[in-house]
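1. all I have is the shape, not the residue letters:
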C-alpha cells in the first residue's frame, strides 16, 4: 500500500524559477477533489449514523415530543419477544440462503474456470441476470411461483403426490421462500467473484495435478477450495451483512400484515422490524435502538472476519 | 479432438455433465424472468389453470393498460431513469475525482481519510434510515427525487475501485511528464488520468445505475405521492391492488425489468469483465 501511494509531486516545492506553479491553490486542490464525496458522505452517511445512537436514547415521536429516557429503549428491546423473533428469522433466512448459495457458487466457479469451455460468456452473463433483476420484481414472481393454489411449484409437488404447501403462511415455508429469492439473486454474482479469484491460480497447478492423476473432485477439493479461502470468507462476511439488511422480500411476501411479514410475524426480519417500529408505529427512538443492535452485529461479524483472516495468514 | 498431438490443456477436458450443470443454472437464472413474461401476457383465468400455460398469451396490451390505469407507471419509469442516471454518472465522476486524489496526489491526512472510506464500506446505511429521514424532513426533501439522488452520489466502494484502477493503469512517469510540460492538476486529471480509467468509471457507473434502479427501502420510506414513485415503489403499489387482476403486479414487474434487461444485453459483457478483472479481490 505504501509503495503504491507514490506522490506525483516532489516532496519539497521547487523554486518558482522552475516555471511550475506551486501556489496555495495547487496545494489546497487535492481537498477539492475529495470534498464533494466527503461533504455528501458527512451529511448523509456519517451524521445520520452517529445520530442513530442519539435518537435511540429518546422516546422520539416525529410529530410529537422527544423525551430523553436513557437506555430504556435498549432494556425494552432486549425484553421484547418481537425483537428476538426477528433476530431468529434473520439468522434462519441467512443460513438457508448463504450456505446453498456459496456451495453452488463454488461448484459453478470451478467448472466455469476451464479455458476450453464453450459458450463461457453466455453462461457468465446468464448468471448475472438475477442480480440485474430488482428485488421487488423477484419477490412478485417467486411469491406467485410458490403460491398455495396457483403456484407452479405446488403443481409440480402435486404431480409427485405432495399435498399443497402454504409457503407464505408457515414459518419454515416463508423462510425457505425468502431464502430461495436471496439465493437466486446472488449465487451467480458470487460465482463470478470466485471465478475472478480462481483465474489468479496458475494453470500449471491444475495441469500438474491432472498429470498426477487427480480427478475433477480431487482438483476441486485440493486446489479450488483452498485457493478460494480468503474470498470465501469475504463473501460470507458480505452475505452476512447483506442478510441483516433483508427487507424488501419479507415486505412483499407478507400478505395480511406486510410490516410484520404475516400475522404471526413468521418472516419478519430485523430491518423490517426497524421499519415497522420507526415508520409504522412512529417510535423513532425504539427503531433507532434496533439500528444500533444491527450495528453491534455488523461489528461482531467484522471482528470474527478479522480474527479468521489473520489466522489464515498466520497458517501460511 | 481427433488429433493425436496433445492439446493445450487447462485442467482436463470439459466433461458432459459440466454442460448439464451450467445449462441447469442458466435455466434457473432465466426462468423466473420468462415466467414473469408468461403471466403478464395471459389473462387471469388462464394464469391460474393447472397445468400452467408455458407459452405467452395475447393479454399483454390489456394488462399493460391496467397497470397504467392503476399507477402513473410511465412517470415512475421516467423517475427511475432520472434517479438512476444521475446516481450512475455522479458516482462515476465523484469517485474518479476522489480516487485520483487518493492515488496520485499528496496531501495531509490522506491515509487517515482513506482509512475512513474503507471502514465505512462495511457499515450498512439501512441501520440509520430513521435519522436519514429526519434530515430529509429538516431539509424539506421528503417526497422529492433529490432525496434519492444526493445521498446516492457518495460511494465509498467507488472511491476504492477508482483508486485501485488509477494506481494500476496510470503511471507516475506519464503524470510527471505532463507536469513538466506545465499542466495543472486539473488538466492532469481531466486530459490524462480520466481518459485512461474511463472504462473502469463506466463499469462503476453501470453498477451504480442498476443499484439505484432496483433500490427499494429508501425510496419506499421517503416518497409519498404516486407521481414521485420510482418503478420499484410502483410495483409495490400494484401488489396492493392484487384484487384488480392477478397479473397486474407481474406486468408491472415485467415492464420495470425490461429497461434493465436491455441495458444488460448491451453492456452486460463489461459488467462481467468488471467483476472478473479482480478489483473486488480482498
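-> That came through fine. Only a predicted model underlies this, so the values are computations on that prediction, with no experimental measurement involved.
2. center of chain B, which residue is that?
-> Centroid-nearest residue in chain B, with CA atoms, centre = their mean: residue B:210, separated by 1.8 Å.
3. residue ranges for the helices of the stretch 151-300 of chain A, please.
-> Here the stretch 151-300 of chain A has its helices, by DSSP state H, counting those that start in this stretch, at A:152-159, A:171-198, A:203-211, A:216-219, A:225-227, A:229-244, A:248-253, A:270-275, A:284-315.
4. please disregard the earlier target; I meant the stretch 1-150 of chain B.
-> Using DSSP H, counting those that start in this stretch, helices in the stretch 1-150 of chain B cover B:16-39, B:44-47, B:60-70, B:73-104, B:110-120, B:129-139, B:146-152.
5. just list the residues touching the one residue sitting closest to the centre of chain A, thanks.
-> Among the residues of chain A, the one closest to the centroid is residue A:242, at 2.1 Å (CA atoms, centre = their mean). Counting by CB atoms under 8 Å, 6 or more residues apart in numbering or on different chains, residue A:242 makes contact with residue A:186. Using the backbone N, CA and C atoms, a C-beta is placed for each residue, glycine as well.
6. from residue B:179, how far off is it?
-> 43 Å (CB to CB, to the nearest Å).
7. try residue A:285
-> Residue A:285 sits at a distance of 54 Å from residue B:179 (criterion: CB to CB).
8. more crowded one of the two?
-> A count of neighbours by other CB atoms under 10 Å in any protein chain shown puts residue A:285 above the other of residue A:285 and residue B:179, at 24 against 17.
9. excluding its backbone neighbours, what's nearest the more buried one?
-> What sits nearest to residue A:285 in space, not counting adjacent residues and going by CB to CB, 6 or more residues apart in numbering or on different chains, is residue A:60, at 4.0 Å.
10. give me the phi and psi for the one you found.
-> Backbone geometry at residue A:60, expressed as degrees, to the nearest 10, gives phi -110, psi 110.
11. and it, what is it in contact with?
-> Applying CB under 8 Å, 6+ apart, we find residue A:60 in contact with A:66, A:283, A:284, A:285, A:288.
12. are any of these buried, and which?
-> A:283, A:284, A:285, A:288 (16 or more other CB atoms under 10 Å in any protein chain shown).
13. which one of those sits closest to residue B:153?
-> residue A:288 (24.6 Å; CB to CB).
14. I'd assumed residue A:56 was in contact with that closest one.
-> Yes. In terms of CB atoms under 8 Å, residue A:288 counts as a neighbour of residue A:56; the distance is 4.0 Å.
15. mind putting the helices of the stretch 151-300 of chain A into TSV with mean pLDDT?
-> Shown next, in TSV, are the helices of the stretch 151-300 of chain A (pLDDT from 0 to 100):
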stretch	mean pLDDT
helix A:152-159	88
helix A:171-198	94
helix A:203-211	88
helix A:216-219	86
helix A:225-227	89
helix A:229-244	89
helix A:248-253	91
helix A:270-275	96
helix A:284-315	88
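16. export the ones you listed to a markdown table and tack on distance to residue B:119?
-> Formatted as a markdown table, the helices of the stretch 151-300 of chain A follow (distance: least, CB to CB, whole Å):
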| stretch | distance to residue B:119 |
| --- | --- |
| helix A:152-159 | 43 |
| helix A:171-198 | 21 |
| helix A:203-211 | 35 |
| helix A:216-219 | 38 |
| helix A:225-227 | 28 |
| helix A:229-244 | 13 |
| helix A:248-253 | 26 |
| helix A:270-275 | 21 |
| helix A:284-315 | 9 |
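17. contacts for stretch B:132-142, please.
-> With CB under 8 Å, 6+ apart, stretch B:132-142 has contacts from A:43-44, A:47-48, A:51, A:55, A:62, A:278-279, A:284, B:125, B:147, B:150-151, B:218, B:221-222, B:224.
18. looking only at pLDDT, what's the mean for it?
-> Taken as a whole, stretch B:132-142 has a mean pLDDT of 96.
19. buried ones in it, by neighbour count?
-> B:132, B:133, B:134, B:135, B:136, B:141, B:142.
20. next one: stretch A:147-164
-> In stretch A:147-164, counting by 16+ other CB under 10 Å, buried: A:147, A:150, A:151, A:152, A:153, A:154, A:155.
21. got the domain ranges for the chain?
-> Here I'm looking at chain A. Here the domain parsing of chain A from automatic domain parsing is A:8-55, A:76-315.
22. chain B, not that one
-> Taken from automatic domain parsing, chain B resolves into B:16-58, B:77-229+B:259-276.
23. looking at the ones you listed, which one has the lowest mean pLDDT?
-> Ranked by mean pLDDT, the domains of chain B bottom out at domain B:16-58, with a mean of 84.
24. and that domain, how far apart are its ends?
-> Domain B:16-58 has its terminal residues 39 Å apart, counting by CA to CA, to the nearest Å.
25. how many residues are close by the residue of chain A found nearest chain B?
-> Closest approach between chain A and chain B, counting by CB to the nearest CB: residue A:206, at 3.1 Å. As a burial measure, residue A:206 scores 21 neighbours (other CB under 10 Å).
26. so what's residue B:143 up against?
-> Contacts here follow CB under 8 Å, 6+ apart; on that basis residue B:143 touches B:222, B:223, B:224, B:225, B:228.
27. how about the third one, nearest residue that isn't a chain neighbour?
-> In this case it means residue B:224. residue B:143 is the one closest to residue B:224 (CB to CB, 6+ apart), at 4.2 Å.
28. how close does that neighbour sit to chain A?
-> 14 Å (CB to the nearest CB, to the nearest Å).
29. touching, residue A:143 and residue A:180? I think so.
-> No. Counting by CB under 8 Å, residue A:143 does not reach residue A:180; the two are 10.7 Å apart.
30. quick one, which of those two is more surrounded?
-> residue A:143 (24 against 20).
31. spit out the contact partners of that one.
-> Residue A:143 neighbours (CB under 8 Å, 6+ apart): A:168, A:177, A:252, A:253.
32. now render these as TSV, adding neighbour count and distance to residue B:166.
-> Listed next are the contacts of residue A:143 as TSV, based on neighbours: other CB atoms under 10 Å in any protein chain shown; distance: CB to CB, whole Å:
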residue	neighbour count	distance to residue B:166
A:168	21	49
A:177	24	44
A:252	25	40
A:253	22	43
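33. which member of these is positioned nearest residue A:138?
-> Taking CB to CB as the measure, residue A:252 is the one of the contacts of residue A:143 closest to residue A:138, at 8.9 Å.
34. and the closest residue to the closest one other than its chain neighbours, what's its pLDDT?
-> Excluding its sequence neighbours, the residue lying closest to residue A:252 (CB to CB, 6+ apart) is residue A:139, at 3.8 Å. The predicted local confidence for residue A:139 comes out at a pLDDT of 93.
35. and residue A:139, how many neighbours?
-> Neighbours of residue A:139 (other CB under 10 Å): 25.
36. ok, now residue B:114?
-> Here the count is done by other CB under 10 Å, and residue B:114 has 21 residues near it.
37. what's near enough to touch it?
-> Residues near residue B:114 by CB under 8 Å, 6+ apart: B:102, B:159, B:163.
38. residue A:157 too?
-> By CB under 8 Å, 6+ apart, residue A:157 lies in contact with A:164, A:165.
39. switch the cut-off to 6 Å
-> Shown in contact with residue A:157 (CB atoms under 6 Å, 6 or more residues apart in numbering or on different chains): no residues.
40. what do you get for residue A:131?
-> Counted by CB under 6 Å, 6+ apart, residue A:131 has contacts residue A:189.
41. near chain A, which residues of the stretch 51-200 of chain B show up?
-> The stretch 51-200 of chain B comes close to chain A at residues B:52, B:94, B:97-98, B:101, B:104-107, B:122, B:124, B:126-128, B:130-132, B:151, B:153-154, B:167, B:172, B:175, B:185, as judged by CB under 6 Å from any CB of the partner chain.
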